[in-house]
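S.K.: Output the structure for:
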Amino acid sequence: MARGQSHPRARSAAPAQRERTRRGAAGPLDDGESDRRDGAARRPRRRRLIAAAERGDVLAALDADDDLHAVPVEALGNAAVTRVLEQFGPIVRRAERLRFGTDASAAAERHERFIALCEKRDAAAAAMMAYETWHTLPVTAPRATG
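M.R.: All right, here's what the predicted structure looks like:
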């Protein structure tokens with residue numbers, strides 16, 4: 001694999017684990033308790049992500065992104081899922097750094113749209129957006145023109 005390229009398995013394994021985590025964290029609860037709990041944990045993390053993106057602080061945006069994605073992982077409490085995400089984390093992080101470094105505001109907006117779909121419980125649209133987001137992560141830095 002060429003330096004700077006994303007491992008193809010990371011594009012499939014990490015999003016699959018995050019999707020399993022999101023579904024598992026919600027569990028069979030019908031009373032909305034998981035939504036209230038996760039929403040309370042998610043809101044300050046979302047604000048940090050947006051603020052960092054607006055400042056153009058890529059490292060802070062990535063840290064906030066990690067914290068935001070940790071909400072369902074923490075709620076699920078599944079060590080196996082955590083290990084898979086940790087295994088592919090560095091590979092995914094490189095691709096996310098490229099995306100946030102190119103247009104942090106668009107990356108933050110993408111998160112906002114995804115969260116809105118989840119809050120509306122539009123699972124099909126959220127799943128499609130997640131798939132497109134993961135499969136459009138850059139694998140190499142854009143070439144300078146000039």
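
S.K.: In which helix or strand does the residue nearest to residue 105 when sequence neighbours are not counted reside?
M.R.: Nearest residue to residue 105, sequence neighbours excluded (C-beta to C-beta, 6 or more residues apart in numbering): residue 53, at 5.2 Å. Where C-beta positions appear, they are placed from N, C-alpha and C, glycine not excepted. Using DSSP states H and E, residue 53 maps to helix 33-55.

S.K.: In terms of secondary structure, what does the next helix or strand along the chain from that helix contact?
M.R.: Next in sequence after helix 33-55, counting helices and strands by DSSP H and E, comes helix 58-76. Other helices and strands packing on helix 58-76, by 3 or more C-beta pairs under 8 Å, 6 or more residues apart in numbering; DSSP states H and E, are helix 8-26, helix 33-55, helix 79-119.

S.K.: what pLDDT, on average, does the next helix or strand after the last one get?
M.R.: It refers to helix 79-119. Downstream of helix 79-119, the first helix or strand assigned by DSSP H and E is helix 123-135. On average, the pLDDT along helix 123-135 is 83.

S.K.: OK, contacts around the closest residue in space to residue 99 that isn't next to it in sequence?
M.R.: In this structure, residue 99 finds its nearest non-sequential neighbour in residue 107, 5.3 Å apart by C-beta to C-beta, 6+ apart. By C-beta atoms under 8 Å, 6 or more residues apart in numbering, the contact set of residue 107 is 53, 61, 65, 96, 99-100.

S.K.: Among those residues, which pair sits farthest apart?
M.R.: Longest distance between any two of those is 12.2 Å, between 53 and 96; criterion C-beta to C-beta.

S.K.: ok, the nearest residue to residue 41 once chain neighbours are set aside - how many residues close by?
M.R.: Distances taken as C-beta to C-beta, 6+ apart place residue 71 nearest to residue 41, at 4.8 Å, with adjacent residues excluded. Close neighbours of residue 71, defined as other C-beta atoms under 10 Å, add up to 21.
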